[in-house]
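Peer 1: 3D, please:
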Amino acid sequence: MIIRQSTEELLAESLKELAKFKGVDKITIKELTANCGLTPPTFYNHFRDKYDLMAWIYNRRVEASIKNFGRGDSFEDVVCKWMEIALEDERFYTNLLKNAVGQNSFRYATNDHAIKLLAAWIKARHNLRELADEQNWCLRFYMRAISETINDWFLGRREISSRELAKLLVEWMPAPLKPLLLHI
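Peer 2: Numbering: from 1, shown residues only. Presented below is the predicted three-dimensional model:
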């Protein structure tokens with residue numbers, strides 16, 4: 001049976017294929033769309049820019065990784081899954097982390113998305129309309145710290161396993177977040 005890919009999936013596969021041969025910062029929208037038989041206007045109907053596409057590729061996996069959070073998966077399990085997503089396609093994610101930098105980069109877009117997902121999860125799980133200012137600031141601080149620590153680990157020597165790093169990241173969680181993310 002033939003399974004039709006969505007336009008987003010076609011564009012994602014095209015980017016991944018092109019990224020095998022060059023840095024993502026050097027890939028143009030024209031090149032990306034020509035590679036999968038689409039046009040630049042079609043690309044812009046789905047994504048703002050190539051950084052938005054890069055984030056979409058990772059973020060849909062992150063969304064799937066939190067589905068069992070609180071229903072069998074601990075926060076440590078979730079953090080470990082985030083690292084495993086990148087490890088599954090190490091060459092691609094290394095390219096993204098090294099060559100997609102700046103304010104609208106892959107790092108910021110994926111981290112901002114994870115912050116929004118966790119904030120929504122916390123509000124739903126704890127029946128909160130909004131997070132307190134301190135909780136919001138702690139969540140942003142903590143998620144930025146997690147993101148940069150994981151990026152350093154991923155691009156570095158990886159002297160500890162993803163599970164060991166996830167355990168450390170949970171240990172280092174700010175106190176205001178612990179009742180929201182650990183006691184579930």
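
Peer 1: all strands for this structure, in order.
Peer 2: In the chain, no strands are defined using DSSP state E.

Peer 1: buried residues in the longest helix seen in it, which are they?
Peer 2: Assignment by DSSP state H gives helix 133-155 as the longest helix of the chain. Judged by neighbour count (16 or more other Cβ atoms under 10 Å), helix 133-155 contains these buried residues: 135, 138-139, 142-144, 146-147, 150-151, 153-154. From N, CA and C alone the C-beta is placed, and that goes for glycine too.

Peer 1: who does that helix touch, helix- and strand-wise?
Peer 2: helix 75-88, helix 90-99, helix 106-125, helix 162-171 (3 or more Cβ pairs under 8 Å, 6 or more residues apart in numbering; DSSP states H and E).

Peer 1: mind putting the ones you listed into TSV with mean pLDDT?
Peer 2: Compiled in TSV, these are given as follows (pLDDT from 0 to 100):
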stretch	mean pLDDT
helix 75-88	96
helix 90-99	93
helix 106-125	94
helix 162-171	97
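
Peer 1: so which of those is nearest Gln5?
Peer 2: Set against Gln5 and scored by Cβ to Cβ, the helices and strands packed on helix 133-155 come closest in helix 90-99, at 17.3 Å.

Peer 1: so what's the residue count around Lys20?
Peer 2: Each residue near Lys20 was counted by other Cβ atoms under 10 Å, and the total is 9.

Peer 1: surely it touches Asn35?
Peer 2: No: judged on Cβ atoms under 8 Å, Lys20 makes no contact with Asn35 at a distance of 11.4 Å.

Peer 1: sorry, back to before: make JSON lines out of the helices and strands packed on helix 133-155 and add distance to Arg4 and mean neighbour count.
Peer 2: JSON lines is the format used below for the helices and strands packed on helix 133-155 (distance: least, Cβ to Cβ, whole Å; neighbours: other Cβ atoms under 10 Å):
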{"stretch": "helix 75-88", "distance to Arg4": "24", "mean neighbour count": "18"}
{"stretch": "helix 90-99", "distance to Arg4": "23", "mean neighbour count": "17"}
{"stretch": "helix 106-125", "distance to Arg4": "26", "mean neighbour count": "18"}
{"stretch": "helix 162-171", "distance to Arg4": "34", "mean neighbour count": "17"}
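
Peer 1: understood, closing this out.
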